[in-house]
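Trainee: Using only what follows, build the 3D model:
(one chain, ligands or ions: 1)
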Amino acid sequence: MRPLLAALALLALSASAASAHAFLDRASPAVGSSVPRSPAAISLWFTQELEPAFSTLSVVDQAGTRVDRGDPEVDRNDATILRVTLKPLPPGTYKVIWRVVSVDTHPTEGTFTFRVAG
Ligand SMILES: [Cu+2]
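Mentor: Okay, here's the model as predicted:
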């Protein structure tokens with residue numbers, strides 16, 4: 001019985017460690033969405049709190065030019081939210097690039113696009 005209990009305890013441990021990574025939960029504008037006009041900012045919600053010093057977010061246009069204002073910030077009241085403000089965006093497709101470190105020190109990164117219709 002003891003080895004089984006130990007195995008179950010290990011399983012529970014690894015499950016909680018995996019869920020502690022900061023994965024992207026949702027975004028505004030939403031991943032893959034089309035919005036009618038230029039948003040003032042992009043906000044990302046993660047599944048875990050972030051380390052502000054190691055969490056970055058940028059937005060580029062199709063030519064690879066930065067269109068964010070270079071002010072990525074973890075929300076002071078909710079450390080699961082990372083946000084950057086944007087320059088006025090002409091119609092087009094934009095790529096969001098994020099790289100974060102969660103409070104358990106695990107890094108995760110990803111990209112997605114959204115579109116400004118026009
Ligand atoms: Cu983790």
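
Trainee: Burial check on the closest residue in space to residue 45 that isn't next to it in sequence, number of neighbours?
Mentor: Spatial nearest neighbour of residue 45, chain neighbours left out: residue 25 (4.5 Å); criterion: Cβ to Cβ, 6 or more residues apart in numbering. The way it works is simple: take the backbone N, C-alpha and C, and place the C-beta from them, glycine included. Around residue 25 there are 12 other residues, counting by other Cβ atoms under 10 Å.

Trainee: same question, residue 37
Mentor: Count around residue 37 with other Cβ under 10 Å applied: 11.

Trainee: Ignoring the adjacent residues along the chain, who's closest to it?
Mentor: residue 116 (6.8 Å).

Trainee: Is stretch 32-46 in proximity to the ion?
Mentor: No. Judged by Cβ under 5 Å from the ion, stretch 32-46 makes no contact with the ion; its nearest approach is 11.1 Å.

Trainee: Output that stretch as PDB, restricted to C-alpha atoms.
Mentor: In PDB, the C-alpha atoms belonging to stretch 32-46 read as follows (Å, rounded to 0.1, in the frame of the first residue of the first chain):
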ATOM      1  CA  GLY A  32      -6.900  35.700 -33.500                       C
ATOM      2  CA  SER A  33      -9.700  38.300 -33.300                       C
ATOM      3  CA  SER A  34     -10.600  41.200 -35.500                       C
ATOM      4  CA  VAL A  35     -11.400  44.500 -33.800                       C
ATOM      5  CA  PRO A  36     -13.100  47.400 -35.500                       C
ATOM      6  CA  ARG A  37     -10.600  50.100 -34.400                       C
ATOM      7  CA  SER A  38      -7.200  50.500 -32.900                       C
ATOM      8  CA  PRO A  39      -7.200  49.400 -29.300                       C
ATOM      9  CA  ALA A  40      -5.500  51.700 -26.800                       C
ATOM     10  CA  ALA A  41      -3.700  48.700 -25.100                       C
ATOM     11  CA  ILE A  42      -3.300  45.000 -25.200                       C
ATOM     12  CA  SER A  43      -3.900  43.000 -22.000                       C
ATOM     13  CA  LEU A  44      -3.000  39.400 -21.300                       C
ATOM     14  CA  TRP A  45      -4.300  37.300 -18.500                       C
ATOM     15  CA  PHE A  46      -2.100  34.400 -17.300                       C
END
